[in-house]
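**Q** when you get a sec, could you give me coordinates for this:
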Amino acid sequence: WCKKCNIETNEDICPICGEKSVEDIPAEVYWCSHCKTPVIQTVNQPDVGTCPLCGRKAKYLSSDLRPVFPQERLLLEVLLGLPPHEYKEKSVWAADSRYYIDGKSVNIPSKTFQLADADAISKVLTAEESNNTYEFFDMHIANFVAANQSRLHYLIDEAHNFVKDAASKFDEEHIVVSFSGGKDSTVTADVVTKALSNPELTHIFGNTTLEFPYTIQYAQRFNEAHEQCFWIAKNNEQDFYDVCEDIGPPARMMRWCCSMFKTGPITRIINKLYRDTRILTFYGIRKSESVSRSKYNRIEDDAESVKIQQQTVASPIFFWKDIDIWLYILAEKIDFNEAYRLGYDRVGCWCCPNNNQRAQFLSRIYMPEQSKKWRDFLISFAEKIGKPDPEVYVDTGKWKARQGGNGLASACHELLHTLGLRTGVIVAVTFEQVDNTPNAETGTKSNNESLENTNSRVKKCHRLNVAERKECRYEYRTDHRICRSALLS
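**A** Residues are numbered from 1 along each chain as shown. Take a look at the predicted model:
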């Protein structure tokens, strides 16, 4: 598809404008006010803007959408100051924090989630829980599935063909499904299992120790259904809070936690199972999730692009939207993580710095003890690094943007100690000073001193590897804007 000319083409380069084309044809969400349901349609289909159920005109609604389950619908009513169950008969959908009630848009500002009284709201939700109903929700979902049958069939056929083609180059015992407990990996696991007609494929669940309780519960249910081939990768050597005390919490530009609590443990399981054998791993990565993921390839085996070196990674649902994922889950009636019913739209680590205010608000309601513990730690950390108003620094999310040099040398040392001696793991810690960035308060001189200290630690670890005759690649690059240290062993 050429985005510039808005035409379909079989070529990588548009024959009209010469621009590079994209693999997928854009899809949009329309709303049928008569059937009260969203309709997913590609921009080039002949009947675009027409409801397949009633034949009436449908209007453009959104680029993507997700269903709002009755639990989240009740929460929405409370936030809007409405009587509980005011919308119980309505068809309610959402895109991020913008809700659509029978097609009419209602936006909830981020400030609302930040200032909301979670304790008071939690009491209302508990009191009204027994009066909540799925009766009307189920009716609307049945309409949604019926209206999008052709889309569902296309998604399944295309994904199955992709899976079979990718898997044809590997023995089945060298095929892995990466399972996180989220909706995307849930659908990927189901698609791959059905496409290959093999319920005994190896699944690896990365338990970061920071999962939602609902994720652990769902993983246990999934485990029972895949008992013979379900592996759990978990870091039992480090405690997240202990590491945070030593090097500070992770931030958007310093997500050291991913290597320590996710990639490292998964790599150790893969090494245990396959040693040096090349494997194919099916991931639930989607292009629409983020700008960075939109740049991925659907199949990736380049050593510079994959985190675990012996993998070829493939993404059957790469071009799917959120609404496609939910269409599949609801139409195929497969089990999924209960956190989505509460209003979470992603279920990675519950304290991830990439989480938005709405996710943090939900955790204050449904995980009050864990949320308080995390907030107390962040305030203590803010005090330790000299923030003038620690509570504001934490509650406004400024801790997520931390980019200064506080604890960075210690962070790199801890990462290298934890992961550097594991075969096939790349440990990369990025320290980035962006000009005029708020909260990047440690100066260039301080950063350089910290990085020089880090460099000496990396070199020491490198020498230890060489002394123990371990294959090692050492790399250190410095300029006035970005410094990186990396170790591959």
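
**Q** where does pLDDT dip in the stretch 151-300 of the chain?
**A** Using pLDDT under 70 as the threshold, the predicted model of the stretch 151-300 of the chain has low-confidence ranges 227-228, 290-295.

**Q** now the strands for it?
**A** Listed in chain order, the strands of the stretch 151-300 of the chain (DSSP state E, counting those that start in this stretch) span 175-179, 202-207, 230-234, 279-282, 299-300.

**Q** now render these as TSV, adding distance to residue 60 and mean neighbour count.
**A** In this view, the C-beta of every residue, glycine as well, is placed from N, C-alpha and C. Below are the strands of the stretch 151-300 of the chain laid out as TSV (distance: least, Cβ to Cβ, whole Å; neighbours: other Cβ atoms under 10 Å):
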stretch	distance to residue 60	mean neighbour count
strand 175-179	35	24
strand 202-207	38	22
strand 230-234	42	18
strand 279-282	33	23
strand 299-300	33	16
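
**Q** could I get those as JSON lines with distance to residue 44?
**A** Putting those into JSON lines (distance: least, Cβ to Cβ, whole Å) gives the following:
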{"stretch": "strand 175-179", "distance to residue 44": "33"}
{"stretch": "strand 202-207", "distance to residue 44": "37"}
{"stretch": "strand 230-234", "distance to residue 44": "41"}
{"stretch": "strand 279-282", "distance to residue 44": "29"}
{"stretch": "strand 299-300", "distance to residue 44": "25"}
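
**Q** how about those strands, which one is nearest residue 5?
**A** Among these, strand 299-300 comes nearest to residue 5, with 26.7 Å by Cβ to Cβ.

**Q** returning to that earlier point: among the strands of the stretch 151-300 of the chain, which comes closest to residue 121?
**A** Checking the strands of the stretch 151-300 of the chain against residue 121 by Cβ to Cβ gives strand 202-207 as the closest, at 29.8 Å.

**Q** note down every partner strand of the closest one and its orientation.
**A** Looking at strand 202-207 with DSSP bridges, its partner strands are strand 175-179 (parallel), strand 230-234 (parallel).

**Q** of the ones you listed, which approaches residue 276 most closely?
**A** Between residue 276 and these, the tightest spacing by Cβ to Cβ is seen for strand 175-179, at 15.1 Å.

**Q** run through who's touching that closest one.
**A** Contacts to strand 175-179, defined as Cβ atoms under 8 Å, 6 or more residues apart in numbering, come from residues 167, 185-186, 188-189, 192-193, 196, 201-206, 219, 222, 230, 266, 270, 279-284.

**Q** which stretches of the stretch 1-150 of the chain form strands?
**A** Going by DSSP E, counting those that start in this stretch, the stretch 1-150 of the chain shows strands at 27-32, 37-42, 59-62, 66-67, 92-95, 98-101, 104-107.

**Q** redo those as TSV? Include mean neighbour count, mean pLDDT and distance to residue 382.
**A** As requested, the strands of the stretch 1-150 of the chain are exported to TSV (neighbours: other Cβ atoms under 10 Å; pLDDT from 0 to 100; distance: least, Cβ to Cβ, whole Å):
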stretch	mean neighbour count	mean pLDDT	distance to residue 382
strand 27-32	21	97	41
strand 37-42	23	97	42
strand 59-62	15	97	37
strand 66-67	22	98	34
strand 92-95	22	97	32
strand 98-101	18	98	31
strand 104-107	12	97	30
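
**Q** I'm done for today, thanks for sticking with me.
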